[in-house]
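K.L.:
Just to be clear, the model below is a prediction. Sequence and coordinates:
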Amino acid sequence: MTKLTKNQKSALEKIEPGKQYTLSEAAKIIKEMTFTKFDASIDIDVRLGVDPRKSNQMVRGVVTLPHGTGKDIRVLVLCTPDKAEEAKQAGADHVGLDDYIEKIEKGWTDIDVIVTMPSVMGKIGKLGRVLGPRGLMPNPKSGTVTVEIGKAVKEVKTGKIDFKVDRYGIVHTTVGKVSFSSEKIAENTREFLLTINKLKPSAAKGTYIKSIYLSSTMSPSVRIDAKAIDE
């Protein structure tokens, strides 16, 4: 096991058992506690008081993080030839239709997001068994099935993320990188949490946001006080 430096030890000691931190405090502590040599991702886990098995308590949405995720998002656009140039100009990594559908059918999924248009969804439906389990299926609700191909690609590239609650009632996503300033981490996290708040289903009873934890790859998690969202 790697021996911790004096600074790393003092950073770990900053987490008080049972204490809930403000967004600003949590962002600073996470930066100080991350000991990886690579630019680790900052992740958030929000436990909600909903029953995702009930359709009227499903929490799903999109948010554009003010400072992006810090990740280079690989975008595939499945479109008709007349939209190909628009997709390329917007920064799409791969553009095509039948050739890429064939590749995906054979198991190719070396991408992060697929953007497409309503008129070709009939062709893409059969890819559900490959794309569905990987969370890659385009969806009108997340803005990835649209006639505004260029706009959709730009939004995804600059930090728009799609999220949904899992079967355990937890929403998990990435809100930045350790190389971000603590202010940028806090601002991205706040934007995400405010979006979650707005999506509270009317059918959800009791406490909606039960817990919020911020962590980075390989770091312990820091609990955030839910009341600190509006700080």
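P.N.:
Arrived safely.

K.L.:
Would you mind measuring from Y100 to T217?
P.N.:
31 Å (Cβ to Cβ, to the nearest Å). C-beta here means a position set from N, CA and C on the backbone, and glycine is covered the same way.

K.L.:
So which of the two has more stuff around it?
P.N.:
Y100 (19 against 15; other Cβ atoms under 10 Å).

K.L.:
Quick check: next helix or strand after the helix or strand harbouring the more buried one?
P.N.:
For Y100, the host element (DSSP states H and E) is helix 98-105. Proceeding N to C from helix 98-105, the next assigned helix or strand is strand 113-116, under DSSP H and E.

K.L.:
helix, strand or coil for the spatially most central residue of the chain?
P.N.:
The chain has T173 as the residue nearest its centroid, 3.8 Å off, counting by Cα atoms, centre = their mean. With DSSP: H, G, I helix; E, B strand; the rest coil as the basis, T173 sits in strand.

K.L.:
hey, what's it bridged with?
P.N.:
I44 (DSSP bridges).

K.L.:
Now do the longest helix seen in the chain: distance to the chain's middle.
P.N.:
Longest helix in the chain, counting residues (DSSP state H): helix 182-198. Relative to its parent chain, helix 182-198 has a centroid offset of 12 Å by Cα atoms, centre = their mean, to the nearest Å.

K.L.:
Show me what the mean pLDDT comes to for the helix or strand following that helix.
P.N.:
Next helix or strand after helix 182-198 toward the C-terminus (DSSP H and E): strand 209-216. Averaging pLDDT along strand 209-216 yields 94.

K.L.:
Which secondary structure elements does the helix or strand sitting right after strand 209-216 along the chain sit against?
P.N.:
From strand 209-216 onward toward the C-terminus, using DSSP H and E, the following helix or strand is strand 222-224. The elements that strand 222-224 packs onto, with contact taken as 3 or more Cβ pairs under 8 Å, 6 or more residues apart in numbering; DSSP states H and E, are helix 23-33, strand 209-216.

K.L.:
Give the other helices and strands that the last one contacts.
P.N.:
The reference is to strand 209-216. Using 3+ Cβ pairs under 8 Å, 6+ apart, strand 209-216 is in contact with helix 23-33, strand 41-48, helix 182-198, strand 222-224.

K.L.:
in the sheet, who's paired with I212?
P.N.:
Under DSSP bridges, the beta-bridge partners of I212 are V46, I224.

K.L.:
residues touching it, list them.
P.N.:
By Cβ atoms under 8 Å, 6 or more residues apart in numbering, I212 lies in contact with 44-47, 193, 223-226.

K.L.:
Pull out the buried residues from those.
P.N.:
Those of the contacts of I212 that meet the buried threshold are 44, 46-47, 193, 223-224, 226, by 16 or more other Cβ atoms under 10 Å.

K.L.:
Any chance of CSV for the residues you listed, columns distance to I30 and pLDDT?
P.N.:
Shown next, in CSV, are the buried ones among the contacts of I212 (distance: Cβ to Cβ, whole Å; pLDDT from 0 to 100):
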residue, distance to I30, pLDDT
I44, 10, 96
V46, 16, 97
R47, 18, 96
L193, 15, 95
R223, 12, 94
I224, 10, 94
A226, 17, 88
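
K.L.:
just these now: which is nearest V95?
P.N.:
Nearest to V95, judged by Cβ to Cβ, of the buried ones among the contacts of I212 is I44 at 32.0 Å.

K.L.:
what ranges of the protein fall below the confidence cut-off?
P.N.:
In the predicted model, the chain carries pLDDT under 70 at residues 1-12, 230-231.

K.L.:
switch the cut-off to 80
P.N.:
1-14, 34-36, 218-219, 228-231 (pLDDT under 80).
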